[in-house]
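Novice: fold the following, please.
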Amino acid sequence: MTTDWSAVLTAADVSSPRACAALGALYRAYHYPLYVYVRRRGYGPHDAQDLLHDFFAILIEKNYLKSVVRERGRFRAFLLGALKHFLANDWHRANREKRGGAFTFVSLEELMGDAECRFQVAATESVAPESQFDREWARTLLSRVLSELRREAELSGRGAQFEVLKVFLSAPGSAEAYGKAAIELGSTARAVKVAVHRLRQRFQEALRREIGHTVGPVGEIEEELRHLAMVLRLDS
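Specialist: Numbering: from 1, shown residues only. Here you go, the predicted model:
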């Protein structure tokens, strides 16, 4: 098995016609965790959005993504480290007018409102910016995986079943819980247990694949899964 770095590597290949779309996908995937980090550093909502746009723009202009190779590991860590460096050097203040709207890989308005609303909820949590970044990274990652499983279920005509059984992805099943789900689905407790087992397997597969998009060697997937589990324990 080899790690699928397609999103990062495509975005790094500026000669590829798909590079802009790939960077846009990465921007959407990491936008909110990075946004929370910048807001936690004391920037206002509009400044935070402009900073992130400028940050990703300079990744394109300087082609810094070329430095993200399999041996260097997690894209999550690379992005946060690069953003810290970007803010520390205050590059944006000297170059804001030059940067403007030259790069349109994603619409700022597309993400602005939702990000700030979510941040207002997250702002009640008294944690360091780095810890908040990790929390939002974990939550966003799980949200993407659940969305993928929901789409799969809907396409196969099992959307209603998924909505009933998804609770078992984060909680152990009991005879009572299986029985209640069976009544809701017009099924049997045994059939529900089998369906939950299969859903958990698909969840693990989808989670590993999603993590595999932005980490280095296969061993990094296991390390990232352990980090995810630790973050979720602290977040519970």
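Novice: measure residue 233 to residue 53 for me?
Specialist: 34 Å (CB to CB, to the nearest Å). All C-beta spots, glycine's among them, are computed from the backbone N, C-alpha and C.
Novice: now do residue 89
Specialist: 17 Å.
Novice: neighbour-wise, which of the two wins?
Specialist: Shown here are residue 89 and residue 53; by other CB atoms under 10 Å, residue 53 has more neighbours (22 against 10).
Novice: which is the next helix or strand following the helix or strand harbouring that one?
Specialist: Take DSSP states H and E as the rule and residue 53 turns out to sit in helix 45-61. As assigned by DSSP H and E, the chain's next helix or strand after helix 45-61 is helix 75-88.
Novice: buried set for that next one?
Specialist: Using 16 or more other CB atoms under 10 Å as the test for burial, helix 75-88 gives 75-76, 78-80, 82-83, 86-87.
Novice: for that helix, packing partners?
Specialist: Applying 3 or more CB pairs under 8 Å, 6 or more residues apart in numbering; DSSP states H and E, we find helix 75-88 packed against helix 19-40, helix 45-61, helix 129-155.
Novice: what about the longest one, average pLDDT?
Specialist: Across helix 129-155, the average pLDDT comes to 91.
Novice: could you do the second one as well?
Specialist: Helix 45-61 shows a mean pLDDT of 82.
Novice: also stretch 75-90?
Specialist: Taken as a whole, stretch 75-90 has a mean pLDDT of 84.
Novice: any chance of the buried residues of helix 75-88 in JSON lines, plus distance to residue 193?
Specialist: Shown next, in JSON lines, are those (distance: CB to CB, whole Å):
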{"residue": "75", "distance to residue 193": "37"}
{"residue": "76", "distance to residue 193": "35"}
{"residue": "78", "distance to residue 193": "41"}
{"residue": "79", "distance to residue 193": "40"}
{"residue": "80", "distance to residue 193": "40"}
{"residue": "82", "distance to residue 193": "46"}
{"residue": "83", "distance to residue 193": "44"}
{"residue": "86", "distance to residue 193": "50"}
{"residue": "87", "distance to residue 193": "50"}
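Novice: out of the residues you listed, who's nearest residue 142?
Specialist: residue 76 (13.9 Å; CB to CB).
Novice: so the closest one makes contact with residue 137?
Specialist: Yes: under the criterion of CB atoms under 8 Å, residue 76 makes contact with residue 137 at 5.8 Å.
Novice: okay, and the common contacts of these two?
Specialist: Among the neighbours of residue 76, those also in contact with residue 137 (CB atoms under 8 Å, 6 or more residues apart in numbering) are residue 30.
Novice: burial measure for residue 177, as a count.
Specialist: Residue 177, neighbours per other CB under 10 Å, totals 16.
Novice: which is the next helix or strand following the helix or strand hosting it?
Specialist: Assigned by DSSP H and E, residue 177 belongs to helix 175-185. Next along the chain after helix 175-185, taking DSSP H and E as the criterion, comes helix 189-212.
Novice: tell me the mean pLDDT over whatever helix or strand comes next after that following helix?
Specialist: Where DSSP H and E defines the elements, the next helix or strand beyond helix 189-212 is helix 218-235. Confidence over helix 218-235 (mean pLDDT, whole number) is 80.
Novice: for helix 218-235, the distance to its chain's centre please.
Specialist: Taking CA atoms, centre = their mean, to the nearest Å, one finds helix 218-235 lying 13 Å from the centre of the chain it belongs to.
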